[in-house]
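In: got a sequence here, can you model it:
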Amino acid sequence: MKKQRSTDGRGLGHKQLTEIRTRAVKAVQEGQSPEVVAKCHGINRTTIYDWLALYRQGGWHALEARKRGGRRPKLTGRMLRWVWTTVVTRTPMQMHFEFALWTAEMLRVLIKKRFGVPLSHRSVCRLLAQLGLSAQKPLWKAYQQDPQRVKQWLEKDYPEIRRQAVNAGAQIYFGDECGVRSDHHSGTTWAIKGRTPVVKSTGARFGFNVISVVSAKGRMRFMIFEGRMGAALFVEFLKRLLQGAKTPVYLIIDGHPAHKAKMTQQYVESTKGRLKLFFLPGYSPELNADELVWNNLKNHTLGRKFHVDKETLKQEVRAFMRQLQRLPELVRSFFRKPSPCYAA
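Out: Below is the predicted model:
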């Protein structure tokens, strides 16, 4: 392998060095890791942060190689490196905050405490953007989740299930249950600044539950039910799932007690291979594509409507689920999301 040659600025012309600095800073702002950018350009890891500090102080003009002197930046390259590393590799709780998500205000406090540099909220937001970071909705994972168990599922368990399904000509489904409530809401509404809007609805809360299964081929089945999910109710759903099935069904679900109950096991055995159950790693809902059914139902449909009574709510849920059954491409798209894409 040819060893990468270091980019020594002393051997480059001013124009060439300016172009390298500009390309490197732009690459970071587009979301590439500063560490990776430094390696690709053959420069020291601290150098890229020094260039970012120059840009932050004076913009693109400050990256010109002929520029010398001037006011020292408030945040040096070493400080910027600490900020980027902290956001990317550490959690707020590790830094003694109670909130689990990084905010600009938290980082403003940390920067002031560690370096004695006061920054405004807007300045911190601009700094994060210049480091190639952006505000994003995170994926939540339970702290009880076992990373090794998840790795085994992705690398060994699921590939083996897929292999068995291919050999048996079986259809793989992912299943889950969800509670639907009348008081769930999502989204935003326009209102006068400084006045929190109030959306009035009935004070009588009501709800019910839904179980569904989805496949990477775009198929979806569901059942609406009252009360808690027990073994008898789950077996009833399994019987419905097998009705009309021309091939064996492999169902992947979580470890709910009803899914592992003796009654459930007895029914599965009675199908003589037409039905097999497999269980996801504990505390790993992100591995289940069926979770995205509930995201669509709650956040994009029910959460934006006013519900008068339980029957009306049931009709809306049933209509949504039946419409989803007629949209196999939408169901397939759930399996293209980052977490469940392994099953696509």
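In: tell me which element residue 180 is part of?
Out: In the assignment (DSSP states H and E), residue 180 maps to strand 171-181.
In: which helices and strands does that strand pack with?
Out: helix 158-168, strand 207-214, strand 249-253, helix 291-300 (3 or more C-beta pairs under 8 Å, 6 or more residues apart in numbering; DSSP states H and E). Quick note: C-beta positions are derived from backbone N, CA and C, even for glycine.
In: what lies in contact with the second one?
Out: Outside strand 207-214, the residues within contact range by C-beta atoms under 8 Å, 6 or more residues apart in numbering are 173-182, 220-229, 234, 237, 241, 251, 289-290, 293, 297, 310, 313-314, 317, 321, 331, 334.
In: let's see that strand as PDB, backbone CA atoms only.
Out: Listed next in PDB are the C-alpha coordinates belonging to strand 207-214 (Å, rounded to 0.1, in the frame of the first residue of the first chain):
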ATOM      1  CA  GLY A 207     -59.200   3.800  23.600                       C
ATOM      2  CA  PHE A 208     -58.500   0.200  22.400                       C
ATOM      3  CA  ASN A 209     -55.700  -1.900  21.000                       C
ATOM      4  CA  VAL A 210     -54.600  -3.000  17.600                       C
ATOM      5  CA  ILE A 211     -52.200  -5.800  16.500                       C
ATOM      6  CA  SER A 212     -50.700  -6.000  13.000                       C
ATOM      7  CA  VAL A 213     -48.100  -7.700  11.000                       C
ATOM      8  CA  VAL A 214     -46.200  -6.500   7.900                       C
END
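In: could you give the angle of the strand holding residue 180 to strand 207-214?
Out: Between strand 171-181 and strand 207-214, the angle comes out at 160 degrees (axes from the mean of the first three to the mean of the last three C-alpha atoms, to 10 degrees).
In: quick one on the thing from earlier: so can I have JSON lines of the helices and strands packed on strand 171-181 showing distance to residue 104 and mean pLDDT?
Out: Listed next are those as JSON lines, based on distance: least, C-beta to C-beta, whole Å; pLDDT from 0 to 100:
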{"stretch": "helix 158-168", "distance to residue 104": "39", "mean pLDDT": "97"}
{"stretch": "strand 207-214", "distance to residue 104": "37", "mean pLDDT": "95"}
{"stretch": "strand 249-253", "distance to residue 104": "40", "mean pLDDT": "98"}
{"stretch": "helix 291-300", "distance to residue 104": "25", "mean pLDDT": "87"}
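In: what about the chain, any weak spots by pLDDT?
Out: 1-13, 66-73, 137, 139-141, 143, 183-204, 303-308 (pLDDT under 70).
In: the residue nearest to residue 150 when sequence neighbours are not counted and residue 142, how far apart?
Out: Excluding its sequence neighbours, the residue lying closest to residue 150 (C-beta to C-beta, 6 or more residues apart in numbering) is residue 281, at 5.1 Å. According to C-beta to C-beta, to the nearest Å, residue 281 and residue 142 sit 11 Å apart.
In: of these two, which one has the most company?
Out: residue 281 (19 against 11; other C-beta atoms under 10 Å).
In: surely that one forms part of a helix?
Out: No. Counting by DSSP: H, G, I helix; E, B strand; the rest coil, residue 281 is not part of a helix but coil.
In: ok, it touching residue 146?
Out: Yes. Here residue 281 reaches residue 146: they are 6.5 Å apart, a contact under C-beta atoms under 8 Å.
In: contact partners for residue 22?
Out: Neighbour list for residue 22: 60, 63 [criterion: C-beta under 8 Å, 6+ apart].
In: rewinding a little: of the helices and strands packed on strand 171-181, which is nearest residue 273?
Out: The minimum distance between residue 273 and those falls on helix 158-168, with 7.5 Å, by C-beta to C-beta.
In: within the helices and strands, which one has residue 312?
Out: Going by DSSP H and E, residue 312 is in helix 310-325.
In: which residues touch the closest residue to residue 157 other than its chain neighbours?
Out: With sequence-adjacent residues excluded and distances taken as C-beta to C-beta, 6+ apart, residue 157 is closest to residue 278, at 7.7 Å. When contacts are counted by C-beta under 8 Å, 6+ apart, residue 278 touches 157, 161, 250-253.
In: got a markdown table for those, with neighbour count and distance to residue 74 too?
Out: Below are the contacts of residue 278 laid out as a markdown table (neighbours: other C-beta atoms under 10 Å; distance: C-beta to C-beta, whole Å):
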| residue | neighbour count | distance to residue 74 |
| --- | --- | --- |
| 157 | 18 | 51 |
| 161 | 18 | 55 |
| 250 | 20 | 59 |
| 251 | 22 | 58 |
| 252 | 24 | 53 |
| 253 | 22 | 54 |
